[in-house]
Structure formats: C-alpha cells, structure tokens
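> coords please:
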Amino acid sequence: MRFSFWPSTQHPWNELLDLASHAEAVGFDGVWIADHFMPNGEDVSEPMHECFATLAGLAAAVPRVRLGSLVAGNTYRHPAVLAKMATTIDHISGGRFVLGLGAGWQENEHAAYGIDLGGVGERLRWFEEACAVVTSLRDEQRTTFAGDRYQLADAPLEPKPVGPFPLLIGGGGRRVMPRIVARYADEWNIWSTPDLFDKKSRNIDRYCEEVGRDPATITRSTQALVFVGEGAAEQAEQARAMRPAIGGTSAQLVDVVAEFAAVGVDELIVPDFTLGSPAAIKEALEQISAEVAPSFRDAGSPA
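Have a look, this model is predicted:
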C-alpha cells in the first residue's frame, strides 16, 4: 500500500513546500493538492493557492514522490487546456504526475467567478466527454471529438507525457460515475471508511464486468480525516458526522488501515486538515511513516 500526503493550499507557499518536502523525506509516496479557489462556506477570506501552479512548483522542488490533483474540477477548465497544463507538469516532474479529475461541485466558487456549474446530469455528461478528450489526447497522435460540450478538430498534444500520466477519477456515485470510471480511469478515489470503500469499490467492479474490463487494472485510493494520539479515536468518531474520519494511537491506526487493505485500498492519503500546526503535522507524518506504514509496505517501497 502507498501512503500519501495532502497538504492544504491554505498554507503559505514556503510552508506548503516544507511540509511536502518533509513528507517525501520521511518516506511518503505521493503528494496531492486540491483544486479549489476559496473555502467552502460563508467565510471565504482565508487565502488558498491554485492547484496546478502549486503542483508545478512542487514538481520542480520535490524530486521523488508522485504528484497529483485531488481532484481537478472539470467545470473550471477546458479538458484540452487541462491536459496541456498537466502534461507540462509531468515533464517538470520527470514523469511523476497523476491527473485527478472530477465533475465539479463547489457552488460558491462557481457563483463568485461566474463559472457555469450546471445541473448534476449536465456535469456528469460534460465530465464523461472530458475524460474521453483527455485520454484520447494522451493516447492518440491527434484527436477529433464532436461532443455536445467539447469539440476538437485534429488536435495534438505535443509533447506527450514522459510518464504513464494516469487519469484518476474522483467520485462515488451509484450509477453514472462508476460507469465512467470503468471506461476511462486508471485510478479511482473516494473519501471513505473501510465499509463505505468496500461498498463503492464492489460497485466499480460490477461496472468493469459490464464493459469487459479487469477490475484489477484500476488502482484504488482513499482518504479520511486523520486524528493521531490518545483520544484520537473518539475525535474521529465525532468527526464522522461531517465526513469519513479515522484516528487513534499508532496501534489503533494499524488496525483501521488493515481494514482498508482488506477491502482493496492501494493508496491511503492523509490530509493535514485535522493534524494541527506545521510542527504537529510533521510529527504526525513521522509517526505514521515509522509506526503505521511499515505494516503495509510492499517489498521495495520506501521505508
């Protein structure tokens, strides 16, 4: 199992870079960055850096780990422009980039910036077209595409990515999103607890069977709010009213990560949102890397 780190883009740049570099130094496998322009709520005064500019900086400064968007909102950029941006970051990183893409959802961003959010059905249709555009640009020499939302005419993507440039799809819907995942995704991601992940992952498997795809060809990752230390299990229990959360001592975290491993999680992503100050975040990353991750490392993975 991979272990990856998700720093908030509300950190000042130098602090974010320091945290990402620390995660790499203590053995984490990846760094993921969210694609949002403002906090989700009434108070939007907190600063927030842009995802892809941040990833380009990390690609140049953090030399080993995989880097990716978790996940890009499809409504914010034309998929051909996004593919060009992401491929450039892939070159800067030496082939370590993962393009994470989702349908988009945060209403206040769309309203503030005048970006068309569309209805749920519209967004999913736009998203499926975007996945077709991105994968065709990646895999074909030229792309002609005549969709309802996007049109391309003999479009190149040059230079091509230097790495595998996987497409990660983020989303946990019951019917439309799993079908899109089965058709286009190299990787799939969802916020989850072990029970929820198992349910959603089995649904992905069913749609893979429908389209004749081996479910094992999709790498699967998840994240939850993380609490570390004595009393952290109780904190996580309370936080689950808002979103999936895990917590506890190192021994307790080993037990819950074992549950994730048992239901097929290939990568566990640790957000820093609940870990405290930068110093506390570093301590938590060190603890997870030294006392939790070794129980789940494949041979040859970073220590």
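
> Strands along the stretch 201-303 of the chain, start to end?
Under the criterion DSSP state E, counting those that start in this stretch, the stretch 201-303 of the chain contains strands at 219-223, 225-228, 245-248, 267-271.

> can you tell which of the ones you listed is closest to residue 16?
strand 267-271 (13.1 Å; C-beta to C-beta). For every residue, glycine as well, the C-beta is placed using N, CA and C.

> Which strands border the closest one, and is each parallel or antiparallel?
strand 2-6 (parallel), strand 219-223 (parallel) (DSSP bridges).

> Redo the ones you listed as a markdown table? Include mean neighbour count and distance to residue 62.
Below are the strands paired with strand 267-271 laid out as a markdown table (neighbours: other C-beta atoms under 10 Å; distance: least, C-beta to C-beta, whole Å):
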| stretch | mean neighbour count | distance to residue 62 |
| --- | --- | --- |
| strand 2-6 | 23 | 10 |
| strand 219-223 | 23 | 19 |
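
> Leaving out chain neighbours, which residue sits closest to residue 225?
In this structure, residue 225 finds its nearest non-sequential neighbour in residue 245, 3.9 Å apart by C-beta to C-beta, 6 or more residues apart in numbering.

> Hmm, residue 227 and that neighbour touching each other?
Yes - using C-beta atoms under 8 Å, residue 245 is in contact with residue 227, at 6.8 Å.

> Enumerate every residue touching the residue nearest to the spatial centre of the chain.
Nearest to the geometric centre of the chain sits residue 70, at 2.8 Å (C-alpha atoms, centre = their mean). By C-beta atoms under 8 Å, 6 or more residues apart in numbering, the residues touching residue 70 are 6, 32-35, 100, 168, 170, 189, 223, 269.

> Present these as TSV; the columns should include secondary structure, pLDDT and distance to residue 215.
TSV is the format used below for these (DSSP: H, G, I helix; E, B strand; the rest coil; pLDDT from 0 to 100; distance: C-beta to C-beta, whole Å):
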residue	secondary structure	pLDDT	distance to residue 215
6	strand	99	25
32	strand	99	23
33	strand	98	28
34	coil	98	27
35	coil	98	27
100	strand	98	20
168	strand	99	16
170	strand	98	18
189	strand	98	15
223	strand	98	21
269	strand	98	21
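
> Burial check on the residue lying closest to the residue nearest to the centre of the chain once chain neighbours are set aside, number of neighbours?
With sequence-adjacent residues excluded and distances taken as C-beta to C-beta, 6+ apart, residue 70 is closest to residue 32, at 3.9 Å. Neighbour count of residue 32, defined by other C-beta atoms under 10 Å: 28.
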